[in-house]
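Novice: whatever this is, show me its structure:
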Amino acid sequence: SLRSADREASELSQDVQRREQAIADLSQDLRSVLEYMITVNIRAARAAGGIGGIDSLTEEEFLPNGVRAHLGLGRYGEEHL
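Specialist: Numbers count the residues shown, from 1 in each chain. Okay, here's the model as predicted:
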């Protein structure tokens, strides 16, 4: 019946909204973790080598290649970093 179809559509819509929220939450969690890791690496690089500004850091000092490889980020994730 039409009511049953409307109810099912509403439930599916709510499920989509929950999933979209979960994706947004996980995305923010990942961003926070990566920002923390990068911050720690910057501090460690400065402490170890007395380097200056952020412009003098290499990609490896921001997030080591081994970590990048382990994360297996997609094209968007790599470009975002």
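Novice: distance of Arg31 relative to Arg3?
Specialist: 42 Å (CB to CB, to the nearest Å). Glycine gets a C-beta too; all of them are placed from N, C-alpha and C.
Novice: which one of those two has more residues nearby?
Specialist: Set side by side, Arg31 and Arg3 show more neighbours around Arg31, with 11 against 7, by other CB atoms under 10 Å.
Novice: measure how buried Gly74 is and give me the count.
Specialist: 9.
Novice: show me what the top helix by length along the chain is packed up against.
Specialist: Longest helix in the chain by number of residues (criterion: DSSP state H): helix 2-49. With contacts taken as 3 or more CB pairs under 8 Å, 6 or more residues apart in numbering; DSSP states H and E, helix 2-49 sits against helix 59-62.
Novice: who touches the helix or strand just after the helix it packs on?
Specialist: Where DSSP states H and E defines the elements, the next helix or strand beyond helix 59-62 is helix 65-71. Applying CB atoms under 8 Å, 6 or more residues apart in numbering, the contact partners of helix 65-71 are 37, 59, 77-78, 81.
Novice: what's the answer for stretch 25-36, then?
Specialist: Residues outside stretch 25-36 that contact it (CB under 8 Å, 6+ apart): 63, 81.
Novice: what residues sit buried inside that stretch?
Specialist: Within stretch 25-36, the residues that count as buried by 16 or more other CB atoms under 10 Å are Leu34.
Novice: restrict the one helix or strand in the chain whose mean pLDDT sits lowest to CA atoms and write it as CSV.
Specialist: Counting by mean pLDDT, DSSP states H and E, the chain has its least confident helix or strand at helix 59-62, which shows a mean of 77. Coordinates of each C-alpha in helix 59-62 appear next as CSV, following Å, rounded to 0.1, in the frame of the first residue of the first chain:
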residue,chain,number,x,y,z
GLU,A,59,56.9,15.9,3.4
GLU,A,60,58.6,13.0,5.4
GLU,A,61,58.8,15.2,8.5
PHE,A,62,55.1,16.0,8.3
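Novice: so what touches it?
Specialist: Looking at what lies outside helix 59-62 - CB under 8 Å, 6+ apart - the contacts are 38, 41-42, 45, 51, 65, 81.
Novice: one more: stretch 40-51?
Specialist: For stretch 40-51, the external contacting residues (CB under 8 Å, 6+ apart) are 54, 57, 61-64.
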